[in-house]
Every structure is written in structure tokens, then in C-alpha cells.
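Colleague: build me a model from this:
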Amino acid sequence: MSELVFQDLPQVELLQWLARGSLKQKLLRTIRLWVWLRSLYGDRQERLALDDSFTYAEWRDAFFSSTHTKGEEVPSLHDPDCPCVKTTQEWLFNEKTGVVAHQWQESLMAHTGITDSRKVLKRRLFGITRRSLQGDLEVLADLGWLVYKNEKYYRVNEFPQRPLTPKDEAESNKLGVYELNFLHDDLVGFAQNHFHKINGVQRFFLKVDYVVPRTTLDAVDDWQYQLRELWAKTPVPPIKLTYTSAKVGHQLDCIVYPVCIYYVQRAVYLCAYGESPDKQSEWYNFRLDRIQKMIPLSWDNSGLPLNLCQHYQSHTLHTLPSPDYIAVEMSKAWGFDFYLPSQLMLMRFDRDFGDRYVKGTERHETFEEISYQQAQNLIKQKIKPPEQQALLKILANRSPQDAYYQVFIRYQDEKYRDNNVIMRLRAWRPQCEVLFPYELRQSIAADVAKEFQLYHRTCDFSYE
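Modeller: Below is the predicted model:
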């Protein structure tokens, strides 16, 4: 058997593929699977002295120190040199891997929404029972990394297809299900498990709303292709966009550094750093179907915006704005317009509606249910007079049995607010009441009053 060598780094994309589902729920096991693979297929420094067929006990004796427990209990700190003592971060971040801790943590946050991985990283990765380790072996066999027969595990002759390394990516542009890591964490698992037909029948479908006019679809395809070509260059160049802005109300030019593409709320957007249409922000989400022209520029172009030029000159190529930065910012507050200021929002739901349609759902990392007393304290802490007295009086007339939630949202004022969040609040009416921000509450009240007039305005009709 020719010797296969596994030297993949523990990048989040690989871990997601190994998780075959929610990486957030299976993080420690998935990292452990990566260590298993290095011990079975790694280079000469890492590969254990095992036959190509082995039992769990043989792997255990080769991997752990001689004093490691052979029973069912969690191993104690019996030997400082035993691998069961090493923490997760010691396995991940070392000279051998070269993985930078803060970059890996940012990538993990962007992919899974885990905002604080420090507790997980401090846990002993192999400080677990024999039953759990035996389960790891079974998972590796299910994934195609081992073959189980005659009560032994056998190394394979060919590795399963997995996320491409940078070297591999240059040699292949094929898209397989294992590369769908841009999807939501849980959707990746669905796609991987149900990508192929079952007995000739396709059982998994993904339906998304897409409001882009058919007349602009060809242009959107062109922009995506051009962006892909630009992102393949080193360095990635800035671009000049001619853009029809719904916010400003006319066509204009913006010079930006293109960072990534997001599909959000029925359309595809280019997240870019440089100039916004209203010139009020360094970041902006440009809807692809509203781009009229895209012209690549050079970094020494005299027309570059000062902030973009300074950012480029003061940073290395590898620290220009990245998709991970955007994902981290979006994790801090609810809303796609991550460049807007964030504010805390307090909401009240009718208890029955809240329990049926809100409780237990994932809206955002900062979305959480609180008590009536906590809601009262938030008003006292966050709202200044005279709005504070008005809201406390309103809360006093609400039932303590109702459902109260807090969440950070992207909201500055009525002009600068994330419309996707506003649309969700409208969809929840009338079972949802926004208590603060006070300006948002007043705005919603004005909208409701206008809506009421539309449906209750009296008209005189004459019938013959």
C-alpha cells in the first residue's frame, strides 16, 4: 500500500466538512478527528507506529503514555507528557501547524457564530472516556477515512474528497458538495447528507426568494464573474463602480475595495470598503443588479479615496479588509448593514405568540429572552428622562407574564437603519411591541397610524 500523508491544517472549512452537520455543536469532536487523522496518516514525526490494521486498544497504547487509563473513566492528570493533558489550543496553535489563534477564532466566529471560544480552547481535547474515543473511530469509518471489518480498523488506499487546500484549488475549479461551506452551518450538513438522489429521487431542495429583475440577471452574472477574476489577482485591485442608488435616488460613482459577496434578503450584495453612495460611511453593501459599470483601478491611482489609499499604504496585502471582519461585525448586532452604529432594542411579545413563534428560534447571537424585572432595569439604565418615565409607565401597564426580549440592532436614526430588521418587526405586528429605541418606537407608531387610516378611512359610495 502506498503511504498516504495527511497534512491538512485545522482550518474551519475542513472542520465543517468533518462535522457533517453543526460545527457549533460538534466542535471538540471535530478538532479531535483532525488529530486522529494526523496520528494515522501524518508525516513521520506524527504518524503512530501502527500496522495498517489495528484495534482501538492498539491505537490507545501507541498514542497515550503507558500510565493512561485502560478503563472507562475520564483520565486524570496522571502524566504531564501524556497527550490527554494537552488543551485544545495546544493542539491547534503551535509551530507545527503555524495557525494564528486570533485569525482562527475570527474565522470560527464568522462561520458558526461562536463569539467566545476561549472556554472550549482551554479544555483537554483527549480528556474523555474510552467510549467517546471509540465513537471517534466509528465516525472516521463512516466518513471514509477508515474501513472497519473483522473487529479491526484498516487504513484506506485513497482519502475521501474534502475541502480544497490553496494548492489543490489552483488545480481544480470543480464545485462539489464538500465545498458548500459558505452556507449556514446547519445547511451545510443538510446539503452534504442529501446532495445526491436517494433511490433515484431528489429529496432535498433549497428555495430562496430572489427579487432581482430578469432583465438584469445577465449583468449580475457578469459582475460576479468579473469579481471572481479580480479576487484571483495579487493584490486584489480597487474598483470604480457606477451605481444606481435607491438611498440617494440617482446614479453616481464610488471607488471601493471589493471584499466579498453576500446573498441576503432576496438579493445579492457586494460588500465593499472605500466610498458609500451618500459619502457617510467607509463601508457599503452594493446590490449587484444596481451596478451599471465596474472598472478595475490600480493602487497608485491618484483618484483613490484618501481613507482607502491610507488603509492600503499602512497595511500589508494580507490585512486589507476581509470577509471575516464583516462576519464578526454582523455577529455584534442584528442586521446586514454592519457598518451602521448598533443600539440595544427591547421588545415585548404576547406570551402565546412568543412561545409559539419566537422562543427557541435563532435570530441573532445577541437575541435573548429576559424577565419583566430585567426589562424594567434596562429602561432605567439605558433611557434618559423624559422618555424613561414614559416607558416605565407603559411597562407598568404591560403584563409581567408577557415575553420580553433584548437584541442589539443596526440603527442610528430613521434615515440610517437596517431595513431587513425593520421588515421583520413589521411582520411581527401586532404581537410585537418595540419599547426602545424610543425614536424607533415612535416611528413604528406613526407607521401604524398611517396604516390604520388606509384601512379605516371612510368613503362615500353611491349605489344605484
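Colleague: check which element follows the helix or strand where Leu133 lies along the chain.
Modeller: Assessed by DSSP states H and E, Leu133 sits inside helix 130-143. Counting by DSSP H and E, the next helix or strand C-terminal to helix 130-143 is strand 146-149.
Colleague: mean confidence score for that next one?
Modeller: Averaged across strand 146-149, the pLDDT comes to 93.
Colleague: and it, how far out from the chain middle?
Modeller: 34 Å (C-alpha atoms, centre = their mean, to the nearest Å).
Colleague: can you give me the strands in the stretch 351-464 of the chain?
Modeller: 368-370, 403-410, 432-436 (DSSP state E, counting those that start in this stretch).
Colleague: follow-up on the earlier one: so which bits of the helix holding Leu133 are buried?
Modeller: 130, 133, 136-137, 139-141 (16 or more other C-beta atoms under 10 Å). For every residue, glycine as well, the C-beta is placed using N, CA and C.
Colleague: do stretch 385-396 as well
Modeller: 387-388, 391, 395.
Colleague: which pair of the residues you listed spans the longest distance?
Modeller: Across the buried residues of stretch 385-396, no pair lies farther apart than Glu387 and Leu395, at 12.2 Å, counting by C-beta to C-beta.
Colleague: can you count the residues close to Val328?
Modeller: 17 (other C-beta atoms under 10 Å).
Colleague: with just CA atoms, put stretch 370-389 into PDB.
Modeller: Extracted C-alpha coordinates of stretch 370-389, given in PDB (Å, rounded to 0.1, in the frame of the first residue of the first chain):
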ATOM      1  CA  ILE A 370     -35.200  38.400  29.700                       C
ATOM      2  CA  SER A 371     -37.600  38.800  32.600                       C
ATOM      3  CA  TYR A 372     -40.100  41.600  33.200                       C
ATOM      4  CA  GLN A 373     -37.800  42.900  36.000                       C
ATOM      5  CA  GLN A 374     -34.800  42.900  33.700                       C
ATOM      6  CA  ALA A 375     -36.800  44.800  31.100                       C
ATOM      7  CA  GLN A 376     -37.600  47.400  33.700                       C
ATOM      8  CA  ASN A 377     -34.000  47.700  34.800                       C
ATOM      9  CA  LEU A 378     -32.900  48.200  31.100                       C
ATOM     10  CA  ILE A 379     -35.300  51.100  30.700                       C
ATOM     11  CA  LYS A 380     -33.800  52.700  33.900                       C
ATOM     12  CA  GLN A 381     -30.200  52.100  32.800                       C
ATOM     13  CA  LYS A 382     -30.400  52.900  29.000                       C
ATOM     14  CA  ILE A 383     -33.100  55.500  28.600                       C
ATOM     15  CA  LYS A 384     -32.900  59.100  29.800                       C
ATOM     16  CA  PRO A 385     -35.700  61.300  31.000                       C
ATOM     17  CA  PRO A 386     -38.300  62.200  29.900                       C
ATOM     18  CA  GLU A 387     -38.600  59.100  27.700                       C
ATOM     19  CA  GLN A 388     -37.600  56.900  30.700                       C
ATOM     20  CA  GLN A 389     -40.700  57.900  32.700                       C
END
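Colleague: buried residues in it, which are they?
Modeller: Neighbour count says stretch 370-389 has 370, 372, 375-376, 378-379, 382-383, 387-388 buried, by 16+ other C-beta under 10 Å.
Colleague: with stretch 301-311 instead?
Modeller: For stretch 301-311, by 16+ other C-beta under 10 Å, it's 304-305, 308-309, 311.
Colleague: just stretch 51-64 next, same as before
Modeller: Neighbour-count burial for stretch 51-64 [16+ other C-beta under 10 Å]: 54, 58-61, 63-64.
Colleague: with stretch 290-303 instead?
Modeller: 290-291, 294.
Colleague: name the SS class of Tyr153, please.
Modeller: What DSSP: H, G, I helix; E, B strand; the rest coil gives for Tyr153 is strand.
Colleague: the nearest residue to it once chain neighbours are set aside pairs with what?
Modeller: Excluding the flanking residues, the one nearest Tyr153 by C-beta to C-beta, 6 or more residues apart in numbering is Leu146, at 4.7 Å. In this entry, Leu146 is beta-bridged to Arg155, by DSSP bridges.
Colleague: ok, now which ones touch Leu146?
Modeller: Each residue near Leu146 by C-beta atoms under 8 Å, 6 or more residues apart in numbering is listed here: 40, 137, 140, 153-156.
Colleague: looking at the buried residues of helix 130-143, which one is closest to Tyr273?
Modeller: Val139 (40.6 Å).
Colleague: contact partners for that closest one?
Modeller: Neighbour list for Val139: 29, 33 [criterion: C-beta under 8 Å, 6+ apart].
Colleague: ok, it to Trp145 distance?
Modeller: Distance, Val139 to Trp145, using C-beta to C-beta, to the nearest Å: 9 Å.
Colleague: Arg124 and Leu288: what is the separation?
Modeller: Applying C-beta to C-beta to Arg124 and Leu288 gives a distance of 47 Å.
Colleague: who's more crowded, those two?
Modeller: Legend: neighbour count by other C-beta under 10 Å for Arg124 and Leu288, higher for Leu288 (21 against 18).
Colleague: give me the phi and psi angles of that one.
Modeller: Recorded main-chain torsions at Leu288 are phi -60, psi -40, according to degrees, to the nearest 10.
Colleague: thought it was touching Val220?
Modeller: Yes. With contacts counted by C-beta atoms under 8 Å, Leu288 reaches Val220, the gap being 4.8 Å.
Colleague: who touches both of those two?
Modeller: Joint contacts of Leu288 and Val220 (C-beta under 8 Å, 6+ apart) are 212, 268.
Colleague: where's Ile444 relative to Arg290, distance?
Modeller: For Ile444, the distance to Arg290 - C-beta to C-beta - is 28 Å.
Colleague: likewise for Leu425?
Modeller: Applying C-beta to C-beta to Leu425 and Arg290 gives a distance of 25 Å.
Colleague: what do you get for Asp209?
Modeller: Using C-beta to C-beta, Asp209 is found at 17 Å from Arg290.
Colleague: ok, now Val156?
Modeller: Val156 is 50 Å from Arg290, by C-beta to C-beta.
Colleague: just checking: what are the partner strands of the biggest strand by length in the chain?
Modeller: In the chain, taking DSSP state E as the definition, the longest strand is strand 251-264. Paired strands of strand 251-264, with direction, are strand 239-244 (antiparallel), strand 267-274 (antiparallel) (DSSP bridges).
Colleague: pull out the buried positions in that strand.
Modeller: Those would be 252, 254-262, for strand 251-264 by 16+ other C-beta under 10 Å.
Colleague: with stretch 90-97 instead?
Modeller: Here stretch 90-97 shows 91-93, 97 as buried, counting by 16+ other C-beta under 10 Å.
Colleague: can you give the distance of that stretch from its chain's centre?
Modeller: With C-alpha atoms, centre = their mean, you get 24 Å for stretch 90-97.
Colleague: can you give me the end-to-end span of that stretch?
Modeller: 10 Å (C-alpha to C-alpha, to the nearest Å).
Colleague: now do stretch 376-395
Modeller: By C-alpha to C-alpha, one end of stretch 376-395 lies 7 Å from the other end.
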